[in-house]
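*Asks:* no FASTA, just this:
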């Protein structure tokens, strides 16, 4: 019995070590075979903002026009209803969904970093500071509202300058 436990522990640690990710945004999967969670890890993103990104990406599956990853996995392993060719197609659909999420995360990461740099450059403006703080804690709605206010404020300054020339 002890040998079996040691063997299971060793195989689990080997599986954990085998998972590798590449790129700025990579999927990280838990060790379960079916229905396991998948999160996207992006370098350079504040942890709370990254959690918000993963929440948004998770909700993409609930939209009516998107592939339903978990349902694809369940259908994929339901050998009584489908043949292997269909399963291969469904596996590719699930992989495309994951690839789409990684692509979206990469785009989101770049926009996040650009916005973060811009907001941190607004150190003399209180709205810019508050928007940067909201962004860092993952409150994207508040960051967006504050950014809209900041842009409106800057547009007023530009309009005043244009009126004087």
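*Replies:* Good, I have the coordinates. Computed from a prediction, not measured in an experiment: that's the story for all the values here.
*Asks:* Can you give me the buried ones in the helix or strand harbouring residue 156?
*Replies:* Counting by DSSP states H and E, the element that carries residue 156 is helix 140-163. For helix 140-163, the neighbour count (16 or more other CB atoms under 10 Å) marks 140, 143, 146, 147, 150 as buried. Any C-beta I mention is one placed from the backbone N, CA and C, and that applies to glycine too.
*Asks:* Can I get these in JSON lines including pLDDT and distance to residue 42?
*Replies:* Below are the buried residues of helix 140-163 laid out as JSON lines (pLDDT from 0 to 100; distance: CB to CB, whole Å):
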{"residue": "140", "pLDDT": "80", "distance to residue 42": "14"}
{"residue": "143", "pLDDT": "85", "distance to residue 42": "17"}
{"residue": "146", "pLDDT": "88", "distance to residue 42": "22"}
{"residue": "147", "pLDDT": "85", "distance to residue 42": "20"}
{"residue": "150", "pLDDT": "86", "distance to residue 42": "25"}
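*Asks:* Make JSON lines from those and add distance to residue 130 to it.
*Replies:* Putting those into JSON lines (distance: CB to CB, whole Å) gives the following:
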{"residue": "140", "distance to residue 130": "14"}
{"residue": "143", "distance to residue 130": "9"}
{"residue": "146", "distance to residue 130": "5"}
{"residue": "147", "distance to residue 130": "10"}
{"residue": "150", "distance to residue 130": "9"}
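*Asks:* among the residues you listed, which two are most distant?
*Replies:* Greatest spatial distance in the buried residues of helix 140-163: 140 and 150, 15.0 Å, computed using CB to CB.
*Asks:* Pop the domain breakdown of this structure in here.
*Replies:* Residue ranges for each domain of the chain read 25-120, 125-165, as given by automatic domain parsing.
*Asks:* lowest-confidence stretch among those?
*Replies:* Note on these: lowest mean pLDDT is at domain 25-120, with a mean of 68.
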